[in-house]
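> Fold the following for me, if possible:
(one chain, ligands or ions: 1)
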Amino acid sequence: MNEVVTPRLLKRWKKDGRPIVALTAYDFPTARILDEAGVDVILVGDSLGMVLMGLQDTVNVTMDAMVHHTSMVTRAVKRALVVADLPFLSYHLSPSHALSNAGRLMQEGGCQAVKLEGCRPELTESLVDAGIPVMGHLGLTPQNIRLTGHYRVSGRSEKEHDLLVEQASIMEKAGCFSLVLECTMPDPARVMTSSITIPTIGIGSGDGCDGQILVLHDIIGLSTSPPARFARRYAAVGDEIRRAVESYAADVRERRFPTAEESYGKAK
Ligand code: KIV
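The predicted model follows:
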């Protein structure tokens, strides 16, 4: 459990059949809790745009925001592999633009790897060639939302199923050390997982992946919009915060706070 997690270790775990536990984190205190709790992979996802910043989608998340949050997370983490998302348009303009943005996430943010959406073999090769570990992300790719207009499950048709399996193989050959599979049907996810040697980490893609990832705020009851059906709820932290804040407000208004013990010096 104490072994520092690396891309190579994730591949070994796939071979050994050890499930990979992944969650998102965007700041120091939550990243520390996740790391101490034994989470294997911590993703500084561009989902922070919706979860933390109240944006309608991930499109407006900037490189500066990603670097800022990645550096908070990496300062807290001792064991987990920290992966940071390359945000919208940060890897599309040219390979050198992508390289310098991925480099910023690693050098300024301190992450061990970057994640990019879609089937992008040439780009992946050039990042890997420069020494940057790349996690791929296939299936639902939220950065395309303004093009597609909606979030949908992929791999229902035979054509989509085959395309996903082909893309997984292409991204493995390009040098990805792992693939996130978002909202694919369970069957193609299972076939992708068994047909490649790198681990798949599913979100809303069924139980056939090598690991699972969820957005932390969804599973602890702190998200602002209703979570998707696959985001199992483990706590009601939002309700706890509300209760604590209401109690504090009542104590201040009723002059029950602060007491002498909560003040410096002797009460008059
Ligand atoms: O940004 C994110 O949180 C993600 C996960 C949904 C995998 O990409």
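> residue boundaries of the strands in the stretch 51-200 of the chain?
81-85, 113-117, 134-139, 178-182, 200-203 (DSSP state E, counting those that start in this stretch).
> Same list, the ones you listed, but as JSON lines with mean pLDDT, mean neighbour count and distance to the ligand please.
C-betas here are computed from N, CA, C, even on glycine. Output for the strands of the stretch 51-200 of the chain, formatted as JSON lines (pLDDT from 0 to 100; neighbours: other C-beta atoms under 10 Å; distance: least, C-beta to the nearest ligand atom, whole Å):
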{"stretch": "strand 81-85", "mean pLDDT": "99", "mean neighbour count": "27", "distance to the ligand": "5"}
{"stretch": "strand 113-117", "mean pLDDT": "98", "mean neighbour count": "25", "distance to the ligand": "7"}
{"stretch": "strand 134-139", "mean pLDDT": "98", "mean neighbour count": "27", "distance to the ligand": "6"}
{"stretch": "strand 178-182", "mean pLDDT": "98", "mean neighbour count": "27", "distance to the ligand": "5"}
{"stretch": "strand 200-203", "mean pLDDT": "98", "mean neighbour count": "27", "distance to the ligand": "5"}
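> can you tell me which of those strands comes nearest to Ala22?
Ala22 sits nearest to strand 200-203 of all those, at 5.3 Å, using C-beta to C-beta.
> Return the helix or strand in the protein with minimum mean pLDDT.
helix 145-148 (a mean of 93; mean pLDDT, DSSP states H and E).
> which other helices and strands contact it?
On a contact count with 3 or more C-beta pairs under 8 Å, 6 or more residues apart in numbering; DSSP states H and E, helix 145-148 meets no helix or strand.
> who are the neighbours in contact with the residue in the chain positioned nearest to the ligand?
The minimum distance from the chain to the ligand, using C-beta to the nearest ligand atom, falls at Gly45 (2.3 Å). Applying C-beta atoms under 8 Å, 6 or more residues apart in numbering to Gly45 gives the contacts Thr24, Tyr26, Asp85, Lys115, Val215.
> how far away is it from His217?
According to C-beta to C-beta, to the nearest Å, Gly45 stands 11 Å off from His217.
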